[in-house]
Structure formats: C-alpha cells, structure tokens
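> model the structure of this input:
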Amino acid sequence: MPLKPYGVLKGTIIQGIPAPPSGNRTAHYQAVVQAAGREYTAAINVLSRQKPSELLYLVGDQFRAEQLTHLQSLEDGVTIIDESNREDLALDYIRGGLFDPARMIALPYHADGPDNDLNEKVDTYLRRAITDQTATIYIYGEMFPGGVHDIHMNQGNVEKYKADDGIWQDGGIVIHFGRDNKWQGLFLAFQSQSWCTDPRGHRVRPASECNHLTPVAARAFRSGG
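Presented below is the predicted three-dimensional model:
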C-alpha cells in the first residue's frame, strides 16, 4: 500500500490544539494521545491546499460501528496494517460500507460564530473524549516517528498526490466511550478526491464528474476492486 506504514493508533487523548484562525494552506488540528507509556501527536487536516479548500466531514454515530468493535482487542499503541491483517482492520470509505458518503458535508476550517467550522467540530468531538476517562481513541493514517497523519481518505487524488493513492488505507478517527458502550466517528475527505477509483485507488473519473453520483452509481464507474 502506498502509505507506509499505514496503521491505527490506540490510546487516550489528553490534549487537543485547534489550528489557529489565521492558519495557512496546510492547517492542522493537533491531538496529543497517550499510549503504551508514551505520547503521540495526531495531525488532523482541517483545510485542503487543493481547491476547494473546505474538507468533507462526517462526525457522530451515523456509521456501522459493529464493524469496529473488534478494535477493543488491540494492544495500546501502534498497530501496523498490511496484507496480513488488512481485511480485519483497514478502512476504505468507498468499499467498506462503513458509512454513507452522501452524508458528508463541506465546512470551512474557520468561520466567525460558534460551532460552524471544522476546527470547532473536531475540537468538540475530541474534547468529549478528553473529559471521559472511559474513552479510548483509535486513529487511522500513516504513521511517522512520534505520531500519525493523513487522517483522511487516501485515494482518488489529483495527479500531484497520486502516489498516495491506495485502497483499504483510508484515515479516520473512532472513539469508544466505555461507560455508555457507544462509538463515535470522524471521517474526512478532500473535495478534490474522486469517489470513482480503480483497484489501486486511482481515480477513473475526475471529482467533478463523479462526486455528485450516489454511492451505488459511483461504484458502477470503478473498474473493479
């Protein structure tokens, strides 16, 4: 898979740092996660450098959480996902049936007023887990020394980022609230990414021709996978 290494980080979130209002083209929300006796940083995109700059997001419990309950058996820390365990652990927004992509909406990363931008949505989502001592966070993406990034869909990219394409390597965040036995998810995608991809995750149609289609229709344009 093009993301190397792709994996999932399991731990406890202890701090959330929103991107500054005057952020740049690569604005990120920074989350600090404690796992297996050390701290990791998760860099969460809240702005796209490729226009349209607003990310698509879905947050809440509107996904098939039963697909993820087995994550509780993972050890704290980083679990690398490869061919040996991909079927059980990996995320694929298009093929996995975890949620309905049509439910994703676009938000600016910063806007005046309360609870109306992506920075705030991410912060609200993560702060609930910070205050709940029974919450466990699982962050999917590309691992680097000390953290994880690419916490978003990782296929259907424009030519400039085609090298990052791959299937079953999408990023995202899910949190299990142990006290209530409830799951919440945060899933992100760039508007420039196409939802019509081939078996290697490359776009077979540009986003402008594909992303208005229903998920069923979009699948009809894929050449397998």
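> where along the protein do the helices fall?
86-89, 118-131, 207-210, 215-220 (DSSP state H).
> now render these as a markdown table, adding mean neighbour count.
Every C-beta, even on glycine, is put in place using the N, C-alpha and C of the backbone. Formatted as a markdown table, the helices of the chain follow (neighbours: other CB atoms under 10 Å):
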| stretch | mean neighbour count |
| --- | --- |
| helix 86-89 | 14 |
| helix 118-131 | 19 |
| helix 207-210 | 16 |
| helix 215-220 | 13 |
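> out of those, which is closest to Glu39?
Distance to Glu39, taken as CB to CB, is lowest for helix 118-131 among these, at 13.8 Å.
> show me what contacts the residue positioned nearest the centre of the chain?
The residue lying closest to the centre of the chain (CA atoms, centre = their mean) is Gly172, at 2.2 Å. Gly172 makes contact with 91, 139-140, 151-152, 185-188, according to CB atoms under 8 Å, 6 or more residues apart in numbering.
> how about these, which pair is most distant?
His152 and Gly185 (12.9 Å).
> picking that back up, rank the helices of the chain by pLDDT, which is bottom?
Mean pLDDT values for the helices of the chain show the minimum at helix 215-220, a mean of 43.
> just give the number of residues close to the closest residue to Gly147 other than its chain neighbours.
Among residues not flanking Gly147 along the chain, Thr41 sits closest, at 3.8 Å (CB to CB, 6 or more residues apart in numbering). Using other CB atoms under 10 Å, Thr41 has 16 other residues around it.
> what's the closest of the contacts of Gly172 to Glu54?
Nearest member of these to Glu54, counting by CB to CB, is Leu188, at 11.0 Å.
> which helices and strands does the biggest strand by length in the chain pack with?
What stands out as the longest strand in the chain, according to DSSP state E, is strand 6-17. Judged by 3 or more CB pairs under 8 Å, 6 or more residues apart in numbering; DSSP states H and E, strand 6-17 is in contact with strand 28-35, strand 38-45, strand 77-80, helix 118-131, strand 135-144.
> parallel or antiparallel, which strands does the second one pair with?
Under the criterion DSSP bridges, strand 38-45 sits next to strand 28-35 (antiparallel), strand 147-149 (parallel) in its sheet.
> show me how far stretch 58-75 is from its chain's centre.
Centre-to-centre, stretch 58-75 and its host chain are 13 Å apart (CA atoms, centre = their mean, to the nearest Å).
> can you put the helices of the chain in TSV and add distance to Gln62?
Formatted as TSV, the helices of the chain follow (distance: least, CB to CB, whole Å):
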stretch	distance to Gln62
helix 86-89	21
helix 118-131	13
helix 207-210	22
helix 215-220	14
